[in-house]
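Colleague: need the 3D shape of this:
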Amino acid sequence: MAPLNRYTCYGAIEVVAIIIIIIIISVKLIQICYLTYEIHIIRARAVVKAPKFSHITPILKSLHWLKVNKRIEHKLLSLAYKVLTTSQP
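Modeller: Numbering: from 1, shown residues only. Okay, here's the model as predicted:
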């Protein structure tokens, strides 16, 4: 084993810092994916006017092939949500 000096310690500290940064970024990405999924569910319930606590699987299956007017409604709800929550559509 090589003796520890300040250069090897700095290298070890850099590696630990990089690992911590990667973990933080991974957690943030997971949170963003979960939020996106939740928004998708909320929009799907809004389109079919389903209650908040109804099962989502049948709703998502029923939206797989939307009629044209329902697709337009879903797109408009999506755009309206984006405009209200962010500064751009």
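Colleague: just the buried positions in stretch 40-59, please.
Modeller: Within stretch 40-59, the residues scored as buried using 16 or more other Cβ atoms under 10 Å are 43-45, 47-48, 50. Placement of C-beta: from N, CA and C, glycine included.
Colleague: tell me the mean pLDDT for it?
Modeller: Average pLDDT, stretch 40-59: 87.
Colleague: now swap in stretch 76-85 and tell me
Modeller: 79.
Colleague: what residues sit buried inside it?
Modeller: Buried residues in stretch 76-85 (16+ other Cβ under 10 Å): residue 78.
Colleague: off-centre distance for it?
Modeller: Distance of stretch 76-85 from the chain centroid (Cα atoms, centre = their mean, to the nearest Å) equals 16 Å.
Colleague: got it, and stretch 53-72?
Modeller: On Cα atoms, centre = their mean, the centre of stretch 53-72 falls 20 Å from the chain's centre.
Colleague: mind exporting it as PDB, just the C-alpha atoms?
Modeller: In PDB, the C-alpha atoms belonging to stretch 53-72 read as follows (Å, rounded to 0.1, in the frame of the first residue of the first chain):
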ATOM      1  CA  PHE A  53     -59.000   8.100  -5.300                       C
ATOM      2  CA  SER A  54     -60.200   6.000  -8.200                       C
ATOM      3  CA  HIS A  55     -57.800   3.300  -9.500                       C
ATOM      4  CA  ILE A  56     -55.500   4.800 -12.200                       C
ATOM      5  CA  THR A  57     -54.700   1.700 -14.200                       C
ATOM      6  CA  PRO A  58     -58.100   1.400 -16.000                       C
ATOM      7  CA  ILE A  59     -58.000   5.200 -16.600                       C
ATOM      8  CA  LEU A  60     -54.600   5.000 -18.300                       C
ATOM      9  CA  LYS A  61     -55.700   2.000 -20.300                       C
ATOM     10  CA  SER A  62     -58.800   3.800 -21.500                       C
ATOM     11  CA  LEU A  63     -56.700   6.800 -22.600                       C
ATOM     12  CA  HIS A  64     -54.400   4.700 -24.700                       C
ATOM     13  CA  TRP A  65     -56.500   5.400 -27.800                       C
ATOM     14  CA  LEU A  66     -58.100   8.700 -27.300                       C
ATOM     15  CA  LYS A  67     -60.700  10.200 -29.600                       C
ATOM     16  CA  VAL A  68     -59.600  13.400 -31.300                       C
ATOM     17  CA  ASN A  69     -61.600  15.700 -29.000                       C
ATOM     18  CA  LYS A  70     -60.200  14.000 -25.900                       C
ATOM     19  CA  ARG A  71     -56.700  14.200 -27.300                       C
ATOM     20  CA  ILE A  72     -57.100  17.900 -27.800                       C
END
